Structure formats: C-alpha cells, structure tokens
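Visitor: Sequence and predicted structure are below.
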Amino acid sequence: MEVTLSDEAAAQLERLPKAVKLRIHGVVERLEKWPGVSGVKWLTADWAHHARVRTGDYRVIFRLLDDDELLVVRIADRRDAYAD
C-alpha cells in the first residue's frame, strides 16, 4: 500500500517534536501494511469515510483513495484532531 501525506499533514508533522515524529513515522510504516493494521477506528459524521490510528496523545487521520493508495489528511493532538 502506498501511503501519501497531504500538504497539511506534512506541515503538521514537521511542527511536532522529534520523539513524536518518530512515533508517527512508525504509524505510517504500519499503514503501508493495510489492511492488516490494528488499532484503526472508522470515524463518523463530518469525518465519514475517514479512519484514525492513535499513538499516545496524537491521532493520524487517513482515508483510502483506492485499493493501493492511502492518504493521511491530518496529524494532530487528540484535542485538536477533529476540529475544523
């Protein structure tokens, strides 16, 4: 599975502390093994068709584009992850 970060997600990743970046990179590597990824929760309402994986207090929100591509749309602290 090819995992791509949106421009917004890439900018959010760059602003994170180094230790958190390393954890996020680990999550992205796990997502490359889709669909065999544990800890995924599918979202509802405004975030329908998106899913999230958590790592500590951070959430990686993504959606499937097709059978072989996954787009990470947001990387944020849990308090801010779902706000628009």
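Guide: All right, it came through fine.
Visitor: longest single helix anywhere in this structure?
Guide: Taking DSSP state H as the assignment, the helix of the chain that covers the most residues is helix 18-31.
Visitor: Name the residues that touch the next helix or strand after it?
Guide: For helix 18-31, the following helix or strand on the C-terminal side (DSSP states H and E) is strand 40-42. If you take C-beta atoms under 8 Å, 6 or more residues apart in numbering as the criterion, strand 40-42 is touched by 50, 51, 52, 53, 54. Placement of C-beta: from N, CA and C, glycine included.
Visitor: What are the buried residues along strand 40-42?
Guide: Within strand 40-42, no residue qualifies as buried by neighbour count (16 or more other C-beta atoms under 10 Å).
Visitor: Same question for stretch 67-79.
Guide: Within stretch 67-79, the residues scored as buried using 16+ other C-beta under 10 Å are 70, 71, 72, 73, 74, 75, 76.
Visitor: Hmm, the second one is touching residue 51, no?
Guide: This means residue 71. No - checked against C-beta atoms under 8 Å, the pair residue 71 and residue 51 is beyond contact range at 11.1 Å.
Visitor: joint contacts of these two?
Guide: With C-beta under 8 Å, 6+ apart, residue 71 and residue 51 have common neighbours 62, 63.
Visitor: and the residue most central in space within the chain, what helix or strand is that in?
Guide: For the chain, the residue nearest the mean C-alpha position is residue 60 (2.5 Å; C-alpha atoms, centre = their mean). Using DSSP H and E, the element containing residue 60 is strand 58-66.
Visitor: could you dump that strand to CSV, C-alpha only?
Guide: C-alpha atoms of strand 58-66 as CSV (Å, rounded to 0.1, in the frame of the first residue of the first chain):
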residue,chain,number,x,y,z
TYR,A,58,-1.7,12.1,18.7
ARG,A,59,-4.1,11.0,16.0
VAL,A,60,-3.3,10.1,12.4
ILE,A,61,-6.4,10.6,10.3
PHE,A,62,-6.5,9.0,6.9
ARG,A,63,-8.7,7.8,4.1
LEU,A,64,-8.4,5.1,1.4
LEU,A,65,-8.2,6.5,-2.1
ASP,A,66,-8.3,3.2,-3.8
